[in-house]
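> structure for this input, please:
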Amino acid sequence: MVKRTRGAILQSIQFEPKSAQSLTTQILIAVRNLILSGGLRAGERLPSTRTLAKDLGVSRNTIVGVFDRLLAEGLLEARIGAGTFIVEIQNFEQAPNDREPKLSDFSGLNLNVQIQLKNKNYQENTLSQDPSKFAPRLGHGVRAFTTALPALDLFPVAQWSRLTSKHWRGSRDVVLGYGKRVGYLPLQQSIAAFLRASLGIDCRDEQIFVTNGAQQAFHVIGSFLLKPNDTVWFENPGALGARNALVAARAKLQPIPVDQDGIIVKEGLRRAPDFRLAFVTPTHQQPLGVKMSLARRIELLKAAEAANAWIIEDDYDSEFHYGNHRLPSLKSLDQNDRVLYVGTFSKTLFPEVRLGYILAPESLVDSFTRIFESVLPNVSTSSQAVLSSFMDEGHFGAHLRRMRRIYSERHQVLLDCAKEHLNGLLDVRPVEAGLHTVGYLPKELSEERVAERADKYGVSVVPLRKYCIEPTDLNGLSLGFSGVNASQLLNGVMTLQKVCHELLAET
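Residues are numbered from 1 along each chain as shown. Predicted coordinates:
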């Protein structure tokens, strides 16, 4: 127990010194939970880092790390000469959890029968859907402004090849046999450790379910948590791959507009208060690039709890964060076991790796385990084993740090070139994370015509309207900056300048 000190009385901070989870992460989670549960009130002052470190018996650097992270997440504020204080977060309180979340239609049946029925739906859903409901997928050639494309030429192929060779020299039972359908255990452990260390998400290895990419994860979630025509809040504009996966799962997508703070929860409640699932990209909205505010995140969590609904948090490229103010993930804020966190390695490594994962709520672990073991095909054990070694040997962290720096530089190159050569033609917006941004066109230029003409010159831009389920007044382009170097970005900007001038002259 912690003694009374100057500042707030921190009575519930507990940690396990021998845990595999670092002390910083354990204390971070404990303090964050105290704030979110109302155990620490807005305006309360925390003890100094020195005092709290002494009371807990840990190093001051550990507490400084905790405070720095909570300051970056916007849960604390430092006042010069006064101390560190809890901020106001719109009176967020944990809702009474008097019912266990459960699979929406997994009741009244033997689980084996339920899985058989779900399996039949899972296999038939895509084939029976009207093809016109699916959005066309984007091109992924290596050219200026292609979205969702990492720098393939900078991936450490030699290290990956060495680990691949090492794996193939292993036990034939592991190398050639059937793997666990929920995932390769060492990779589950590596992913869970990464989420605990990098995002402060308190999770167990058993909550990680490995999939063939993020889109399979979305389809699995939609197929097994939703009945046909269940309502899903979907960001408008929003991610095309997830949209197609949920359409294939027979969900009824309710488009919800997005503003500078993310999905507009009040509009969602007005349009579809009985929603069963919400799909969001809070760290770097796809495609607009905005960051969901802390207040909006809390509002969404409260809405999901009130509606007994689930939330898919698609954190598709959050590892590449360039700003100083990183907000906590929805999963780490979730007090009521509502959030299914989905990640992918297609952006951090390379698309062909075809590995993603679901971090499932505790309440769904047993059911998802049965579903994966009974229905889904195996994910390549070879790819999982190599990735696990890549992460455990530190190559993954080193690669992320290197690419974060390079992508930040490319992002700045795009902004500088656009400012110099596209002023008045395309308003390119800065972003704090991810592999793409957006540029807005004047009303005299059509986003579709610009995209079509640019494609003829070898440049890929995507009209924002392509991401929309219902029409909006947006007139702009999605611009990827990660997959090509500075020279190619400059050439791409000059091509867009040429295209815009040509089209203006034709009007």
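> contacting residues around G65?
Applying Cβ atoms under 8 Å, 6 or more residues apart in numbering, we find G65 in contact with T24, L28. All C-beta spots, glycine's among them, are computed from the backbone N, C-alpha and C.
> hmm, 6 Å instead?
T24 (Cβ atoms under 6 Å, 6 or more residues apart in numbering).
> and it, what element?
helix 60-72 (DSSP states H and E).
> give me the sheet partners of whichever helix or strand comes after that helix and which way each runs.
Using DSSP H and E, the helix or strand that follows helix 60-72 in sequence is strand 76-79. With DSSP bridges as the test, strand 76-79 is paired with strand 83-86 (antiparallel).
> tell me which residues in the strand it pairs with are buried?
Buried residues in strand 83-86, defined by neighbour count with 16 or more other Cβ atoms under 10 Å: T84, F85, I86.
> cool, and stretch 399-416?
Per 16+ other Cβ under 10 Å, stretch 399-416 contains these buried residues: H399, L400, M403, I406, Y407, R410, H411, V413, L414, L415.
> which residues of this protein fall in strands?
76-79, 83-86, 208-211, 231-236, 252-259, 262-263, 277-280, 310-314, 339-344, 356-359, 427-428, 436-440, 462-463, 476-480 (DSSP state E).
> T62 against L23, yeah?
Yes: counting by Cβ atoms under 6 Å, T62 sits close enough to L23 to count as a contact (5.1 Å).
> for the stretch 1-150 of the chain, give me the ranges with low pLDDT.
Counting by pLDDT under 70, the stretch 1-150 of the chain contains low-confidence residues at 1-12, 37-39, 89-140.
> still on that earlier bit, so can I have a markdown table of the buried residues of stretch 399-416 showing pLDDT and distance to R453?
Output for the buried residues of stretch 399-416, formatted as a markdown table (pLDDT from 0 to 100; distance: Cβ to Cβ, whole Å):
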| residue | pLDDT | distance to R453 |
| --- | --- | --- |
| H399 | 95 | 36 |
| L400 | 93 | 36 |
| M403 | 95 | 31 |
| I406 | 96 | 30 |
| Y407 | 96 | 27 |
| R410 | 97 | 24 |
| H411 | 97 | 25 |
| V413 | 97 | 23 |
| L414 | 97 | 19 |
| L415 | 97 | 23 |
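> which of those residues fall within helices?
Secondary structure defined by DSSP state H assigns H399, L400, M403, I406, Y407, R410, H411, V413, L414, L415 of those to helices.
> tell me the domain boundaries of the protein?
Under automatic domain parsing, the residue ranges defining each domain of the chain are 23-86, 111-137+157-393, 397-506.
> now render these as JSON lines, adding distance to A151.
Listed next are those as JSON lines, based on distance: least, Cβ to Cβ, whole Å:
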{"stretch": "domain 23-86", "distance to A151": "26"}
{"stretch": "domain 111-137+157-393", "distance to A151": "9"}
{"stretch": "domain 397-506", "distance to A151": "6"}
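> A144: which of the ones you listed is closest?
Comparing those by their distance to A144 (Cβ to Cβ), the top pick is domain 397-506, with 2.8 Å.
> what's the end-to-end length of that closest one?
50 Å (Cα to Cα, to the nearest Å).
> next, count neighbours for the closest residue in space to M494 that isn't next to it in sequence.
The spatial neighbour of M494 that comes closest, neighbours along the chain excluded (Cβ to Cβ, 6 or more residues apart in numbering), is H421 at 6.2 Å. Neighbourhood size, H421 [other Cβ atoms under 10 Å]: 16.
> circling back: between the strands of the chain, which gets nearest to P377?
strand 208-211 (10.3 Å).
> how far does that closest one sit from the chain's center?
15 Å (Cα atoms, centre = their mean, to the nearest Å).
> check stretch 172-179 too.
31 Å.
> next: stretch 253-262.
16 Å.
> so which of the strands of the chain is the most surrounded?
Stretch with highest mean neighbour count among these: strand 277-280 (a mean of 28; mean count of other Cβ atoms under 10 Å).
> quick check: of the buried residues of stretch 399-416, which lies closest to K302?
Of those, the one sitting nearest to K302 (Cβ to Cβ) turns out to be L400, at 32.6 Å.
> which residue, neighbours along the chain excluded, lies closest to the closest one?
Going by Cβ to Cβ, 6+ apart, L400 has E319 as its nearest residue, at 5.4 Å.
> ramachandran angles for that neighbour?
phi -60, psi -20 (degrees, to the nearest 10).
> so it sits against T348, correct?
Yes: checked against Cβ under 6 Å, the pair E319 and T348 is within contact range at 5.3 Å.
> more neighbours: the two, which one.
Ranked by neighbour count (other Cβ under 10 Å), E319 and T348 place E319 first, with 23 against 20.
> how close does the more buried one sit to P150?
11 Å (Cβ to Cβ, to the nearest Å).
> all helices of the stretch 201-350 of the chain, in order?
Ranges of helices within the stretch 201-350 of the chain are 214-225, 240-248, 265-271, 294-307, 330-333, based on DSSP state H, counting those that start in this stretch.
> for K54, which of those is the nearest?
helix 330-333 (27.0 Å).
> so what touches that closest one?
Contacts for helix 330-333 (Cβ under 6 Å, 6+ apart): G200, I201, P282, R297, E313, V339, Y341.
> what's the spacing between that helix and its chain's center?
11 Å.
> heads up, I number from 29, so please use that
Renumbered: residue one is now 29, and that last one reads helix 358-361.
> tell me the contacts of V185?
So V185 contacts nothing (Cβ under 6 Å, 6+ apart).
> can you tell me the closest non-neighbouring residue to P265?
Y495 (3.4 Å).
> show the pLDDT at the one you found.
Residue-level confidence at Y495 comes out at 95, pLDDT.
> repeat that for the one 5 residues further on.
Per-residue confidence for T500 comes out at a pLDDT of 94.
> near it, how many other residues are there?
15.
> try F303
24.
> spatially nearest residue to it (excluding sequence neighbours)?
F303 sits nearest to T259 (Cβ to Cβ, 6+ apart), 4.6 Å away.
> now A220
Nearest one to A220, counting by Cβ to Cβ, 6+ apart, is D233 at 4.7 Å.
> quick one, what contacts that neighbour?
Q216, Q217, A220.
> got a pLDDT number for the residue most central in space within the chain?
The chain has D343 as the residue nearest its centroid, 0.6 Å off, counting by Cα atoms, centre = their mean. Looking at D343, its pLDDT stands at 91.
> just A179 next, same as before
For A179, the predicted pLDDT is 94.
> contact partners for it?
So A179 contacts G511 (Cβ under 6 Å, 6+ apart).
> ok, it to R60 distance?
For A179, the distance to R60 - Cβ to Cβ - is 34 Å.
> what do you get for I434?
Counting by Cβ to Cβ, the gap from I434 to R60 is 31 Å.
> also F183?
Taken as Cβ to Cβ, the span from F183 to R60 is 34 Å.
> more neighbours: which of those two?
R60 (22 against 16).
> quick check: the more buried one vs A100, distance?
Counting by Cβ to Cβ, the gap from R60 to A100 is 12 Å.
> just the pLDDT for P283.
97.
> how about it, what does it touch?
P283 touches F262, N264, I497, E498, counting by Cβ under 6 Å, 6+ apart.
> count the neighbours of P379 for me.
15.
> any idea how far V170 is from it?
11 Å.
> how about L68?
Counting by Cβ to Cβ, the gap from L68 to V170 is 49 Å.
> out of those two, which sits in the more crowded spot?
L68 (22 against 13).
> pretty sure the more buried one is touching I114, no?
Yes: L68 lies in contact with I114 (Cβ under 6 Å); the separation is 5.0 Å.
> many thanks, we can stop here.
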